[in-house]
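**Q** Pasting the sequence and the predicted coordinates here, then a few questions.
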Amino acid sequence: MPTFSIQTFGCQMNYSDSERIISFLESYQFNFINNIHKADLIIFNTCGVRQMAEDRIYGQINNLKQQHKKLLIVVTGCLAYRQDVQKRLKNQVDLFFNIKDFNKLEKWIHKTFSLKEKSFLDFFSSKKYPTAHKISYLSLTPKYSNFFQAYVPIMTGCNNFCTYCVVPYARGREYSRPAKEIIQEIKKLLAKNYKEIFLLGQNVNSYYDKKQKINFAQLLKKINSLPGNFWIRFLTSHPKDMSDELIKVITSSQKICEYVHLPLQAGDNEVLKKMNRKYSPQHYLKTIQKIKNSFKKNKPHSPFAITTDIIVGFPDETRNQFQKTKEIMKKVNYDMTYISRYSPRPGTVAWNFPDNITLEEKKKREKEIEKILEKTSLKNNQKYLNKKVTILIDKKRGESFYGKTRTLKNVKVISKNKKYSVGNFYTVKITQANIWNLEGEIIE
Ligand code: SAH
Ligand code: SF4
C-alpha cells in the first residue's frame, strides 16, 4: 500500500488534527513514514495565522514537488480554504480539503488509489458509531504521537471574529464535542497510563455540550474526578469568558495544573475595540486579580503561572497605546509571553486597515516586551529556589534529563542517575533559577 507522511505547522490543534489524519489513512492500510522524501503522499497541515508560516509552506511544497515529480500533495489546515492559495498552488497540489471534511479526503483516496470496498461510513461503523455521516472528525480515534502526553480536542472553531484572525474562517463556527465522548477518550488514555492531558480548543471556555448541558467548568470537574495520577492542562481561554465559576474550578482542582494562559493581545482599550476583543484592559486586569487571589486562597502552597499572547504593531497602534501594553505586562508579572508582530491576513476585517506600523517599529516593540518579560520571568522563577516541586520528565538529551513543572517551567535535572525515565513524575529540589528555565536535583 502507499506510504504517506505529514508536515504539520502551527498550533497544538493542528498537531492534534494530524493525529486523526494519520489514524484515518492507516485504517485504509496506508503506511505512515517519517521520511518525507520516501513518501508517495504528503499531507500539509497548514497554519495561516501569520504570513511567515504561510511562506515556509509555499517554499517546502515547491522544493518537494521539484525533487519528486510523482509525489502527491494534499493540503489541509488553515490555508486550505483560501481561494488565492488554491490558485497559487494549483499546479503542485492534488487536493485541498477542509479538516472537517474527511469525506472529501476519503473520496479522493478512493479515486486516486483505486481503493475498493472500505468507506468512511465503514470506518465509523466499525467503531460503533451508527450516525457516521453526521459525526465530527473529532470523534475519530487518533494515533497519539506520544506515550504519556495526549492532546484531546474538546471543541473546534470560533465565533469571536477578532478582526486580525483567520481562525473563524479557517475552522468555521464553534463546535463542542459531547462530554461523554471526551471522558471516554480520557479514560482510555488513563488506562494506558498517560500522565498529561491537554484539552484543546480555540476558545475552551465557551465549551458547551448542549445535550447534556455541560459547560467547561463542569467538564473540568468531571475530568478532575477521574481516578489516577495525572495532570490536566487546557488551551486557549478568552478573557471575556473567564467566569467566576471557571476560575474557582481551575484554581481549586487537584489535577488541574496551576497555569493559566490568558491572551491579552493589547493593553489599550481603543486597540482592543478595533481588534474586536470584547473586553477592556480593566476587565482583563480584574480577571487576572481574581485568578491570582483564588490561587492564593485555594492552593496557598503551590506556585502558579500566568502567560499571555501579545500582538505588536496592530494598525494605527501609537507609542502611547503600546505603552499601556507594557504597563499591563509589568502589573501582571507574566511567566511567559508569546509575542507576534501583526501580520495582515486576507479575508479578515483588519485586512482592510492600513498595516502602517513599520517592521522596524514592530521589532522594537517586540524587544521592549521581551525585556519586561525577562525581568518578570526571572523574578517568578527565583521564587522556586530551594523549593520542592514535581516535574514530569519529558526529554532525554545526551546524558541529561529535562522535565516540566505543573506551571510549565522547564527544569534541567542536574542529578546524575541514568535510571530516570521519560514519562514519569519526580520530585526535584530547585537549585538554580534562570530567565527561561530552572535547574534541580531529583530527591525522589
Ligand atoms: N484563540 C486564541 C488564539 C488563536 S491564534 C485567542 O483567542 O487568543 C494564536 C495567537 O496568534 C493569537 O493569540 C495572536 O496573538 C496571534 N495572532 C493571530 N492572528 C494574528 C495576526 N494576524 N498577526 C499577528 N498575530 C496573530
Ligand atoms: Fe482568533 Fe479571536 Fe477566535 Fe482566538 S478568539 S481564535 S484570536 S478569532
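**A** On my side now, so go ahead. Residues are numbered from 1 along each chain as shown. Ligands and ions are numbered 1, 2, ... in the order given.

**Q** Helix, strand or coil: sort out Gln7 for me.
**A** Following DSSP: H, G, I helix; E, B strand; the rest coil, we place Gln7 in the strand state.

**Q** Next, count neighbours for the closest residue in space to it that isn't next to it in sequence.
**A** Distances taken as Cβ to Cβ, 6 or more residues apart in numbering place Phe44 nearest to Gln7, at 5.2 Å, with adjacent residues excluded. In this view, the C-beta of every residue, glycine as well, is placed from N, C-alpha and C. Under the neighbour criterion other Cβ atoms under 10 Å, Phe44 is assigned a count of 23.

**Q** which residues touch stretch 244-252?
**A** 205, 215-217, 220-221, 224, 256, 258, 260, 287, 290-291, 294-295, 297-299, 304 (Cβ atoms under 8 Å, 6 or more residues apart in numbering).

**Q** From the residues you listed, which land in strands?
**A** Using DSSP state E, the subset of the contacts of stretch 244-252 located in strands is 215, 260.

**Q** Quick check: ChimeraX command selecting the buried ones in the contacts of stretch 244-252.
**A** In ChimeraX, this line selects whichever of these come out buried by 16 or more other Cβ atoms under 10 Å:
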select :205,215,216,217,220,221,224,256,258,260,287,291,294,295,298,299,304
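
**Q** So which of the contacts of stretch 244-252 are in helices?
**A** Helix and strand membership here follows DSSP state H; of those, those in helices are 216-217, 220-221, 224, 287, 290-291, 294-295, 297-298.

**Q** For these, give me CSV that also has distance to Lys395.
**A** Compiled in CSV, the ones in helices among the contacts of stretch 244-252 are given as follows (distance: Cβ to Cβ, whole Å):
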residue, distance to Lys395
Phe216, 30
Ala217, 33
Leu220, 27
Lys221, 32
Asn224, 27
Thr287, 33
Lys290, 35
Ile291, 29
Ser294, 32
Phe295, 28
Lys297, 34
Asn298, 31
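
**Q** tell me, which of those make contact with ligand 2?
**A** With respect to ligand 2, and counting by Cβ under 6 Å from any ligand atom, no part of the ones in helices among the contacts of stretch 244-252 is in contact.

**Q** which among the residues you listed gets closest to Lys416?
**A** In terms of Cβ to Cβ, no member of the ones in helices among the contacts of stretch 244-252 lies closer to Lys416 than Phe295, at 34.6 Å.

**Q** Next, the contact list for the closest one, please.
**A** Contacts here follow Cβ under 8 Å, 6+ apart; on that basis Phe295 touches 251, 258, 302, 304.

**Q** For the residue nearest to Gln7, identify the helix or strand it belongs to.
**A** Phe44 is part of strand 41-46, with elements assigned from DSSP states H and E.

**Q** contact partners of that strand?
**A** Here strand 41-46 makes contact (Cβ under 8 Å, 6+ apart) with 2-10, 14, 17-18, 21, 30, 36, 53-54, 57, 60-61, 64, 71-80, 99.

**Q** Please name the strands paired to that strand in the sheet, noting orientation.
**A** Sheet pairing of strand 41-46 (DSSP bridges) gives strand 3-8 (parallel), strand 72-77 (parallel).

**Q** buried stuff in it?
**A** Taking 16+ other Cβ under 10 Å as the neighbour-count basis, strand 41-46 is seen to contain the buried residues 41-46.

**Q** quick one: is that strand near ligand 1?
**A** No: under the criterion of Cβ under 6 Å from any ligand atom, ligand 1 is not reached by strand 41-46; the shortest gap measures 14.0 Å.

**Q** and that strand, how far from the chain's centre?
**A** Computed by Cα atoms, centre = their mean, to the nearest Å, the chain-centroid distance of strand 41-46 equals 18 Å.

**Q** How about stretch 172-191?
**A** Distance, centroid of stretch 172-191 to centroid of chain: 16 Å (Cα atoms, centre = their mean).

**Q** before we move on, what about stretch 67-75?
**A** With Cα atoms, centre = their mean as the basis, the mean position of stretch 67-75 lies at 28 Å from the chain mean.

**Q** before we move on, the earlier item: just the buried subset of the contacts of strand 41-46, please.
**A** Buried residues within the contacts of strand 41-46, defined by neighbour count using 16+ other Cβ under 10 Å: 4-10, 14, 17-18, 21, 30, 36, 53-54, 57, 60-61, 64, 71-80, 99.

**Q** for the closest residue to ligand 1 within the stretch 151-300 of the chain, phi and psi?
**A** Closest approach between the stretch 151-300 of the chain and ligand 1, counting by Cβ to the nearest ligand atom: Pro263, at 3.4 Å. Note on Pro263: backbone dihedrals following degrees, to the nearest 10 are phi -60, psi 120.

**Q** Next one: it from Asn160, what distance?
**A** Taking Cβ to Cβ, to the nearest Å as the criterion, Pro263 is separated from Asn160 by 11 Å.

**Q** got it, and Asn298?
**A** The gap separating Asn298 from Asn160 is 29 Å, by Cβ to Cβ.

**Q** shared neighbours, Pro263 and Asn160?
**A** Taking Cβ under 8 Å, 6+ apart as the contact definition, Pro263 and Asn160 share the neighbouring residues His238.

**Q** dump the residue contacts of the nearest residue to Pro263 once chain neighbours are set aside.
**A** Residue nearest to Pro263 in three dimensions, not counting chain neighbours: Asp309, with 3.8 Å by Cβ to Cβ, 6+ apart. Asp309 makes contacts with 261, 263-265, 337-340, as judged by Cβ under 8 Å, 6+ apart.

**Q** Sort out for me which of the residues you listed are in strands.
**A** Filtering those for membership in strands, criterion DSSP E, returns 261, 337-340.

**Q** who wins for neighbours among those?
**A** Top of the ones in strands among the contacts of Asp309 by neighbour count (other Cβ under 10 Å): Thr337, with 21 neighbours.

**Q** So Ile61 lies in a strand, does it not?
**A** No: secondary structure assignment (three-state DSSP) places Ile61 in helix, not in a strand.

**Q** Excluding sequence neighbours, find me the nearest residue to it.
**A** Once its chain neighbours are removed from consideration, Ile61 has its nearest residue in Gln92; the separation is 5.3 Å (Cβ to Cβ, 6+ apart).

**Q** Just confirm that neighbour contacts Gly59, I think it does.
**A** No: contact between Gln92 and Gly59 fails when scored by Cβ atoms under 8 Å: they sit 11.6 Å apart.
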